[in-house]
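# This is the structure alone, sequence omitted:
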């Protein structure tokens, strides 16, 4: 894939981005480097490599789902500065 200033301008237009000439040259050079690296990766033989979603073997460890008593609500509300009818009262954060 050929990366030039015209392609970067086109992509910037699609992305609704505007760049000055200095930044455009910088982005063009960076994009050229990325495409060159991807082309280098495409030369590797990956036929014997199994597809993966992550480089490390991940496994979710779930605990047994058991019903346990919850925290005592009265104890929680005692440590709260203000509460009303089972709710915490906090300062208003949205201004009208």
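Now that the structure is in, tell me what you want to look at. It should be emphasised that the depicted structure is a prediction, and the values quoted were computed from it without experimental measurement. Residues are numbered from 1 along each chain as shown.
# Do a quick rundown of the strands in this structure.
Here the chain has its strands, by DSSP state E, at 83-84, 87-88.
# wait, which of those strands is closest to residue 63?
Proximity of the strands of the chain to residue 63 was assessed by C-beta to C-beta; the nearest stretch is strand 87-88, lying at 28.5 Å. Heads up, the C-betas are built off the backbone N, CA and C, glycines and all.
# Let me know the average pLDDT across that closest one.
Averaged across strand 87-88, the pLDDT comes to 89.
# ditto for stretch 61-73
Stretch 61-73 comes out at a mean pLDDT of 87.
# got the end-to-end distance for that stretch?
30 Å (C-alpha to C-alpha, to the nearest Å).
# I'd like the distance from it to the chain centre, please.
With C-alpha atoms, centre = their mean, to the nearest Å as the basis, stretch 61-73 stands 30 Å off its chain's centre.
# and if you look at stretch 39-59?
That offset, for stretch 39-59, works out to 21 Å (C-alpha atoms, centre = their mean).
# Equivalent analysis for stretch 72-83, please.
36 Å.
# which residues are contacting that stretch?
Residues outside stretch 72-83 that contact it (C-beta atoms under 8 Å, 6 or more residues apart in numbering) are 86, 88, 89, 90.
# Tell me which of those residues fall in helices.
Using DSSP state H, no member of those sits in helices.
# thinking again about what came up before, would a markdown table of the strands of the chain with mean neighbour count and distance to residue 16 be doable?
Shown next, in a markdown table, are the strands of the chain (neighbours: other C-beta atoms under 10 Å; distance: least, C-beta to C-beta, whole Å):
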| stretch | mean neighbour count | distance to residue 16 |
| --- | --- | --- |
| strand 83-84 | 12 | 48 |
| strand 87-88 | 10 | 43 |
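# Let's have those in CSV, adding distance to residue 28.
Formatted as CSV, the strands of the chain follow (distance: least, C-beta to C-beta, whole Å):
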stretch, distance to residue 28
strand 83-84, 60
strand 87-88, 54
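# Now do the helices in the chain.
Along the chain, counting by DSSP H, helices occupy 5-14, 21-42, 73-78.
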